[in-house]
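Enquirer: Following is a predicted model, sequence given first.
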2 protein chains.
Amino acid sequence: MNFKFMIGTKALFGKGCIESNKAIFKEFGKKAFIVTGKNSAKASGALGDVVEALKECGIEYSIYDRVLNNPTLENVKEGGDLAREFGADFIVGIGGGSPLDASKAVAVLASNNIDPVDLYKNVFENKPLPIIAIPTTAGTGSEITPYSILTRNDLKTKKSFGNEDTFPAVAFLDARYTESMSYQTTVDTAMDAFTHSLEGYLGRRSTPVSDILAIEAIRIFGECIENLLNNRLDFEVRERLLYMSMLGGMVISHTGTTLIHGLGYSLTYFKDIPHGRANGYLVREYLKYNYEAAGEKIDNVLKLLKMSSIDELGDIIDKLLPCDLTLSKEEMEMYAGLAMQQRSITSNARTVAEEDLREILRKVFNDGGK
Amino acid sequence: MNFKFMIGTKALFGKGCIESNKAIFKEFGKKAFIVTGKNSAKASGALGDVVEALKECGIEYSIYDRVLNNPTLENVKEGGDLAREFGADFIVGIGGGSPLDASKAVAVLASNNIDPVDLYKNVFENKPLPIIAIPTTAGTGSEITPYSILTRNDLKTKKSFGNEDTFPAVAFLDARYTESMSYQTTVDTAMDAFTHSLEGYLGRRSTPVSDILAIEAIRIFGECIENLLNNRLDFEVRERLLYMSMLGGMVISHTGTTLIHGLGYSLTYFKDIPHGRANGYLVREYLKYNYEAAGEKIDNVLKLLKMSSIDELGDIIDKLLPCDLTLSKEEMEMYAGLAMQQRSITSNARTVAEEDLREILRKVFNDGGK
C-alpha cells in the first residue's frame, strides 16, 4: 500500500451554501476578481448570489465574463492581466469546466506576470491567488481538482497544468445553479463526471481512497441513468449528479485521467464535440480494450451499474449520446498521434500503442458510422 | 444533501514514505521542533528516520520528548515555550495520540504566547506553526484530524480543541513504525480507530463522504478481527490497521465523536484505562442503546463485519479486551454527569439523557462485574 491523499479544497455542499457561508469571502481579502463565461453564471443565479454576498461583505469586485468555451492561453492571459491591474486579492470562478479551469490560470497569472505557456512549468515564483470555485454544471469536478485544462492552439490540443497550490481554496456546490443547464448539457457533463471516476478507478494511478470515492460515484451514476434517459431531472437528481461530479473530481485529483480523456480532446479541438460527450462516445471501446488488463474492476463497474455487459452500458450511452460523427483515416491517425503525447495515456490500465488508439477510433467513428 | 468536506492534511502512506519524500521538510523552514514521548518514537524507528531526513535537508532541530501519556495543559505549555524560544519554523509530532495531540497544542502555543486554557477559544491571533505528524500507533487518526485532546485537571476530564488551522500539513504513515507496539496496545488502538468510524457513521453529524470512508474502515476492521484475536500481526495487517485508522481520522474530522468517547474519557481520567480500550468496553451497550435511532445503519455495520448480532460483536470485543473493572454508584453518577458536559454527546444518534449514561455504565461495569 503506497499512496498520497490530498484534497486542498474545502467543499461546501447544499442549497443556499453561498448565502449561509458568505462570511468566508472575507477571509480572502477585499478585492475579488470574478472569472466567468458570457451566460451560465448569470442564468444559473450563481453570479447574482456571489455579487450579493460580496456586497454584504463590503468586498470590491470586478467581473471578467469573457472566458471562451475551451479557453485558450490568450484568453487566460487577458484575464490574468486584468486581475493584476485590478489588484485582486482572490479569484472567484463561476461556471462549467471552462470558467473554472480558466480561473485557476488567472489566479496564477495574476500573481505571476509570466508568459501563459509557462503555466505548464507548474512551478511559480509567487503563490497563485486563492480561488473560490462555483460550478454551474455537474461534470467537470474542477471545483475540487488542481487541474486547469486549456486549449493549446500551438499543439492543436487541450493540455492541463496544475499543482497543489491550484486547488480552489473553497468550492460552493449548490445544485440550484445546475438547473438552468439544457438537457443535452446535463447529459454531456454527467458523462464527463462518470468517465472521471471510471478512468480513475481503472487507471494505474488509482489509490485505496480514490477507489472508494470512484465506486460510490459510479454507483450513483447507475442510479441516475433512468432519470437521464427520461429527462426527469428534479432537484434531488441534480444534487446527486453534482455530488457524483464532486466525487469524480476528488478521484482524478489523485489518479489523473487516462485513455478516454487523452483521445477525447481531439474530438473537442477539431470537431467541436462537447468534452463530456466526446468522452462518452469512447466508453464502450475503452472498456473492451482494457478488459484484459482490468477485467475484475470492469466487472465491478458493471455490477455497480446493475448491468450485465459492456455492450449493455454502451447501448445506453448510445441512447444518451446519439453519434453521427465519422472520421477519415487521416483524422484518426492524427488524433491517435496527438493522444500519445498526452501524459494521461501512460496511466491507462493497459499499455497503449498508437495503433490501439487508431483501432479504437475506427471502431467508434468509422465502423459503419455508428 | 448538505455537508462540508475538508481534510487539511496531505497524507503520504507507505513503507519508507519519509525517506522517499524527505524534501518536503524543506518546504516548512529551517528549524524543526520535534514533539514526542519518552519511548515509542525511538523504539519505532520513526525518530531516527526523521532526524536523518532533517540532517540531510540541513534543517536544525530540537527534540522535546517529555509528552505525557494523556498530556496536560501544563505539559503542552512547556513544549510551546521551548518551541518559541528555539525559534521553530515547524513542529514534527511523532508517536501515538498523546504526542500528536500535544504537537498541535505546541504548534499553537509556539506562535501565540497565551494561557493554554485559551486553546479552547479556538481562535488564535497568529496561525499555528505547520505540523508534520507521524503516527506510531494505528488508532488515533490524529495525524489527519484537527483535534487535540488534552487532560483538563481543572475539569477532571479530557477535552478537545482544534480548528481548520490545526490539521497537520503533512502526515507520514509508515506501518513499520507501528510494529514496535505491544499486542495489547495494538488491540486498544485498533478499537479506538474502529469506534471513530462507528460513532462517526451512526452520529448526527455524519455526511455522505464521511459515510463512504466509515463504511470502508468498518469493513477493514472486520477483516482484521481474526488477526487481532490470534495476534497474527504481520506487516500487511499492520498496514491495513494503519489505513483503517487514517480513514477513521478522516471520518471524525467531519463528524466528531459521540457517546462512546464522551463516556470513555472518565474511564481514562479516573481509572487509567487506555483510551481505545475504554471505548471498546462501551461498544456493545452503545449499539444496543442507539438501535432505536440508528437501527438500519447498525444492521449495516453488522453486515460489514459479517456478524449476525450486536452480542456477537460484543462477545468478540470481550475476548479482545477482557474487563474486570467495576464501578461504584457514585463513580457512575459522576462519570455520567461529566460526559453530559462533552459537546460530543449532542452528536449521538439517540438524544442522550444523563440517566441513560448511568444505565449504560451500570450494564457494562456493575452488572455482575462483566
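Expert: Ah, there it is. Here the structure is a predicted model, which means the values were calculated and not measured.
Enquirer: For the stretch 101-250 of chain A, which residues score under the pLDDT cut-off?
Expert: Within the stretch 101-250 of chain A, not a single segment meets pLDDT under 70.
Enquirer: Okay, strands next: where are they in it?
Expert: A:131-135, A:148-152, A:157-161, A:170-173 (DSSP state E, counting those that start in this stretch).
Enquirer: residues touching the residue in the stretch 251-370 of chain A that chain B sits nearest to, list them.
Expert: For the stretch 251-370 of chain A, the nearest residue to chain B under the criterion CB to the nearest CB is A:H254, separated by 10.9 Å. From N, CA and C alone the C-beta is placed, and that goes for glycine too. Each residue near A:H254 by CB atoms under 8 Å, 6 or more residues apart in numbering or on different chains is listed here: A:F3, A:K4, A:F5, A:M6, A:G200, A:R205, A:S206, A:T207, A:V209, A:S210.
Enquirer: now the angle from the host helix or strand of it to strand A:131-135?
Expert: Taking DSSP states H and E as the criterion, A:H254 maps to helix A:235-255. Put simply, helix A:235-255 runs at 140 degrees to strand A:131-135, going by axes from the mean of the first three to the mean of the last three CA atoms, to 10 degrees.
Enquirer: List the buried residues for helix A:235-255?
Expert: Using 16 or more other CB atoms under 10 Å in any protein chain shown as the test for burial, helix A:235-255 gives A:237-255.
Enquirer: next helix or strand past that helix?
Expert: Using DSSP H and E, the helix or strand that follows helix A:235-255 in sequence is helix A:259-271.
Enquirer: Now do that following helix: which elements does it pack against?
Expert: Judged by 3 or more CB pairs under 8 Å, 6 or more residues apart in numbering or on different chains; DSSP states H and E, helix A:259-271 is in contact with strand A:157-161, helix A:183-202, helix A:275-304, helix A:329-340, helix A:354-365.
Enquirer: hmm, who's touching that helix?
Expert: With CB under 8 Å, 6+ apart as the test, helix A:259-271 has contacts from A:70, A:151, A:156-158, A:195, A:198-199, A:273-275, A:278-279, A:281-283, A:286, A:289-290, A:325, A:331, A:334-336, A:338-339, A:342, A:344-345, A:348, A:352, A:357, A:360-361.
Enquirer: Which positions in stretch A:3-13 come out as buried?
Expert: By 16+ other CB under 10 Å, the buried positions in stretch A:3-13 come out as A:F3, A:F5, A:M6, A:I7, A:G8, A:T9, A:K10, A:A11, A:L12, A:F13.
Enquirer: Span of it from start to end?
Expert: 27 Å (CA to CA, to the nearest Å).
Enquirer: What parts of chain A come near chain B?
Expert: Residues of chain A found near chain B (CB under 8 Å from any CB of the partner chain) are A:1-7, A:9-15, A:17, A:164, A:175, A:208-209, A:212-213, A:216, A:239-240, A:243, A:246-247.
Enquirer: Mind doing that once more with 7 Å?
Expert: Residues of chain A found near chain B (CB under 7 Å from any CB of the partner chain) are A:1-7, A:10-14, A:208, A:212-213, A:216, A:239, A:243.
Enquirer: Give me the subset of these lying in helices.
Expert: Mapping these onto helices (DSSP state H) picks out A:P208, A:I212, A:L213, A:E216, A:E239, A:Y243.
Enquirer: State the pair within the buried residues of stretch A:3-13 that is farthest apart.
Expert: A:F3 and A:L12 (26.2 Å; CB to CB).
Enquirer: any idea which of the ones in helices among the residues of chain A next to chain B is closest to B:S62?
Expert: The closest of those, once distances to B:S62 are taken by CB to CB, is A:P208, at 35.5 Å.
Enquirer: Now the phi/psi pair for A:V35, please.
Expert: Backbone torsions for A:V35, taken as degrees, to the nearest 10, come to phi -110, psi 120.
Enquirer: Just give me the neighbour total for it.
Expert: For A:V35, the tally of surrounding residues (other CB atoms under 10 Å in any protein chain shown) stands at 36.
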